[in-house]
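Undergrad: Quick one: sequence plus predicted model below, questions after.
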Amino acid sequence: MNKNQLQLPRSLKSDTPKTITFILGAVYVLGFLVVTFYLSQFGVTINNWLQIQYLLAGFWCLIPLIVFVLALAFTGLELVAPWIKYSLDVPKRTRNYRFITGSIEGVAVLIASFIFITEIISWLATKHYNMSWSSALITLKLFGLLLAAVILMVFGFVNLCKLDEVATRNKDRIDRQISILSLNLLFAAAGIYIFLIYIWFFSITIYAVIPGEYGGGKPETVAFILSKGQGQNYPIKADASGYKSIPYKLLLQTDNYYIVEGPSKQEKNIEISKDLVNAMIVLNM
């Protein structure tokens, strides 16, 4: 090997697989929550912990979060940059100019990120880039939830990491240490709770309209081919032919059952045993 060839430190090489595993695990858990929240509105309980669908759902859920956090971080840096230590060497007029231009750039990036997410939502729902008020309202709610969650979690967890300093400053005030710890735990818990609301809202608004071929939860419309006379047996309802069921929205397919959305408001879901079905047709509807 050439001595001049760049080599990564051993610690970095050994930590890379762990980091990748941790990230994939976090995305998997996030996707599991998305799918769980989505199916819960139909009364469906997940009993399979190993599905690639969870990873895809997690990646979809991360897109608004990544876009928003990057845009927010860029805006914050643009606002703070003119007033940091080394920027104070330039004239005040120059700093004011940089602050104004940075503010404009930051707001423009936030607006661009808002439009980007709104366009994705519109495309997923209609397969056309036609931004609508409903898509914009969904994006606004997502960004609002993320803003509240990020602020509360960052504030809470950062202060929790400084508890040693707090304990040192208030070593004779145990009551004060406990009150500060409780307050920061409350902020962190509130941030986590709002983030869970974000996941739930994402699952019923965006994940619900993402087509299945893209890893989303939009139900496919299917019909089941039945044995002769099987159409008279509940829960399968046959059409006029008697050999094919009426269209159903397929929510989940397990090893033994097809779980479909109920045809009436009183029926959240119907479990159809695969033993009752000869074949399944995916309808283009």
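TA: Cool, the structure landed.

Undergrad: Spell out the secondary structure type for the residue sitting nearest the centre point of the chain.
TA: Centroid-nearest residue in the chain, with CA atoms, centre = their mean: residue 61, separated by 2.2 Å. What DSSP: H, G, I helix; E, B strand; the rest coil gives for residue 61 is helix.

Undergrad: Can you give me the pLDDT of it?
TA: Reported pLDDT at residue 61 in the predicted model: 92.

Undergrad: do the one 10 residues further on as well
TA: With respect to pLDDT, residue 71 has a value of 90.

Undergrad: Neighbours of it, how many?
TA: For residue 71, the count of nearby residues is 22 (other CB atoms under 10 Å). Glycine gets a C-beta too; all of them are placed from N, C-alpha and C.

Undergrad: quick one: the closest residue in space to it that isn't next to it in sequence and residue 209, what's the gap?
TA: Closest residue to residue 71 apart from its sequence neighbours, by CB to CB, 6 or more residues apart in numbering: residue 113 at 3.9 Å. Using CB to CB, to the nearest Å, residue 113 is found at 20 Å from residue 209.

Undergrad: in the stretch 151-285 of the chain, which spans are strands?
TA: 220-226, 248-253, 257-261, 269-273, 277-282 (DSSP state E, counting those that start in this stretch).

Undergrad: possible to save these as CSV with mean neighbour count?
TA: Listed next are the strands of the stretch 151-285 of the chain as CSV, based on neighbours: other CB atoms under 10 Å:
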stretch, mean neighbour count
strand 220-226, 19
strand 248-253, 20
strand 257-261, 20
strand 269-273, 16
strand 277-282, 13
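
Undergrad: Format those as TSV; extra columns: mean pLDDT and distance to residue 29.
TA: Shown next, in TSV, are the strands of the stretch 151-285 of the chain (pLDDT from 0 to 100; distance: least, CB to CB, whole Å):
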stretch	mean pLDDT	distance to residue 29
strand 220-226	84	26
strand 248-253	84	19
strand 257-261	84	23
strand 269-273	81	24
strand 277-282	84	30
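
Undergrad: can you put these in a markdown table and add distance to residue 32?
TA: Listed next are those as a markdown table, based on distance: least, CB to CB, whole Å:
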| stretch | distance to residue 32 |
| --- | --- |
| strand 220-226 | 21 |
| strand 248-253 | 14 |
| strand 257-261 | 17 |
| strand 269-273 | 19 |
| strand 277-282 | 25 |
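
Undergrad: Tell me where the model's unsure across this structure.
TA: 1-15, 47-50, 86-88, 126-132, 163-172, 174-177, 227-235, 264-266, 285 (pLDDT under 70).
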